[in-house]
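In: no sequence for this one, just the structure:
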């Protein structure tokens, strides 16, 4: 037998009170609306007795809020994004919000389809790591005054709220660390994309080697290349550039590919090459040799994103666009020390 689903109207009828009174109590506004403690206790006890669950869709239509935030990243299985998701989920839950996590795979079509889906579901706000071709979709969200924050990268000519890392400065400092430790032929392995964060990392590397009049050695790997193909490209690069004495990997999955290639094909290089990765991983600390990393401040990132989002959700007309740039920290370990 199908279990009966109770409505606010059913509860009001059973207790001989108004629907409005029940609604105020369910939404935690009993004191604000000066509803007596006796009536409040009676309604709450009855709700508990019948195990009442509010209809979320109806509630969102009534209040204009779904209490749901979207967090869209490239790949939620990526260690960095997964850690961010866990922290954001905890902060949101404490504030009465739930988070929908999704991956856009850095694909414009998928990004646009997901955003359209969530708009239909009337989510309250978006934290998005955008793919490069969805500027028009982002502009439409802004034009509709939908709470939106871009993270990790942004569109320079759109007035969007964003939280990013000072990627250029972080990479400049980390490259200088290698130079100070007597590495002269430093390779920079990155992805071949026109994303602000990756371009800034490349810029920081070029600035550092340029200031010391060192030779630029850059490998750009297609973003959509499969792991086996990325490894083949890195292997060929190592063979064709025997002068390289240090490698700076621009993102953590390239680091994992690179270390795998070196360990399998060139094990003697592990103790000879200087290695730095952008983005830390707990495995890098216990690897032999331990891997130096540019660590992004996860707690600060998530705290800033959620603080900005909660302000946007208040939908005050005088809110200014916030552009927040945070600093990363170089964690020096064995791999970048003098050989």
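Out: Perfect, I can see it now. Values in this document were obtained by computation on a predicted structure and should not be read as measured data.
In: now the helices: where do they sit in this structure?
Out: According to DSSP state H, the chain carries its helices in the segments 8-15, 19-26, 37-50, 56-63, 79-94, 108-120, 135-143, 167-180, 196-211, 227-240, 252-265, 282-286, 298-313.
In: Which one of the ones you listed lies nearest to residue 339?
Out: Between residue 339 and the helices of the chain, the tightest spacing by CB to CB is seen for helix 167-180, at 11.1 Å. From N, CA and C alone the C-beta is placed, and that goes for glycine too.
In: What's the mean pLDDT across stretch 273-283?
Out: Per-residue pLDDT values across stretch 273-283 average out to 95.
In: And it, what's buried?
Out: Residues of stretch 273-283 classed as buried: 273-281 (neighbour count, 16 or more other CB atoms under 10 Å).
In: quick one: which of those is nearest residue 194?
Out: Looking across the buried residues of stretch 273-283 and measuring by CB to CB, the closest to residue 194 is residue 278, at 17.6 Å.
In: So the chain: which segments form each domain?
Out: 8-54, 66-165+299-326, 167-296+330-336 (automatic domain parsing).
In: among those domains, which gets the worst mean confidence?
Out: Among the domains of the chain, domain 8-54 scores lowest, at a mean of 83.
In: rewinding a little: let me know which of the helices of the chain is tucked in deepest.
Out: Of all these, helix 167-180 carries the top mean neighbour count, a mean of 21, counting by mean count of other CB atoms under 10 Å.
In: Packing partners of that helix?
Out: strand 186-191, helix 196-211, strand 246-249, strand 274-278, strand 292-295, strand 329-331 (3 or more CB pairs under 8 Å, 6 or more residues apart in numbering; DSSP states H and E).
In: wait, what's in contact with the closest residue to residue 251 other than its chain neighbours?
Out: What sits nearest to residue 251 in space, not counting adjacent residues and going by CB to CB, 6 or more residues apart in numbering, is residue 278, at 5.7 Å. If you count contacts by CB atoms under 8 Å, 6 or more residues apart in numbering, residue 278 has them with 167, 170-171, 174, 201, 248-252, 255, 293-294.
In: hang on, the earlier thing: just give me the closest of the buried residues of stretch 273-283 to residue 184.
Out: Among the buried residues of stretch 273-283, and counting by CB to CB, the member closest to residue 184 is residue 274, at 10.0 Å.
In: correct me, but the closest one touches residue 336?
Out: Yes: using CB atoms under 8 Å, residue 274 is in contact with residue 336, at 5.2 Å.
In: Mind listing the shared neighbours of those two?
Out: Counting by CB under 8 Å, 6+ apart, the residues touching both residue 274 and residue 336 are 178, 181, 246.
In: separation between the last one and residue 209?
Out: Pointing back at residue 246 there. As judged by CB to CB, to the nearest Å, residue 246 and residue 209 stand 11 Å apart.
In: what residues do those two have in common as contacts?
Out: residue 186.
In: separation between the residue positioned nearest the centre of the chain and residue 30?
Out: Nearest to the centroid of the C-alpha atoms of the chain, with distances taken as CA atoms, centre = their mean, sits residue 81, at 5.1 Å. Separation of residue 81 from residue 30 (CB to CB) stands at 40 Å.
In: Stretch 217-235: end-to-end distance?
Out: Counting by CA to CA, to the nearest Å, you get 15 Å between the two ends of stretch 217-235.
In: Same question for stretch 24-43.
Out: Start-to-end, stretch 24-43 (CA to CA) is 11 Å.
In: Start at 547, not 1
Out: Got it, the first residue is 547 from now on, which makes the last one we talked about stretch 570-589.
In: OK, contacts around residue 672?
Out: With CB under 8 Å, 6+ apart, residue 672 has these contacts: 615-616, 618, 661, 664, 687, 692-695.
In: Restricted to buried residues, select these in PyMOL.
Out: Applying 16+ other CB under 10 Å to these, the buried members can be selected in PyMOL as follows:
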select buried, resi 615+616+618+661+664+687+692+693+694+695
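In: what would the contacts of residue 672 look like in a markdown table with distance to residue 707?
Out: Shown next, in a markdown table, are these (distance: CB to CB, whole Å):
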| residue | distance to residue 707 |
| --- | --- |
| 615 | 14 |
| 616 | 15 |
| 618 | 15 |
| 661 | 16 |
| 664 | 18 |
| 687 | 11 |
| 692 | 11 |
| 693 | 9 |
| 694 | 7 |
| 695 | 5 |
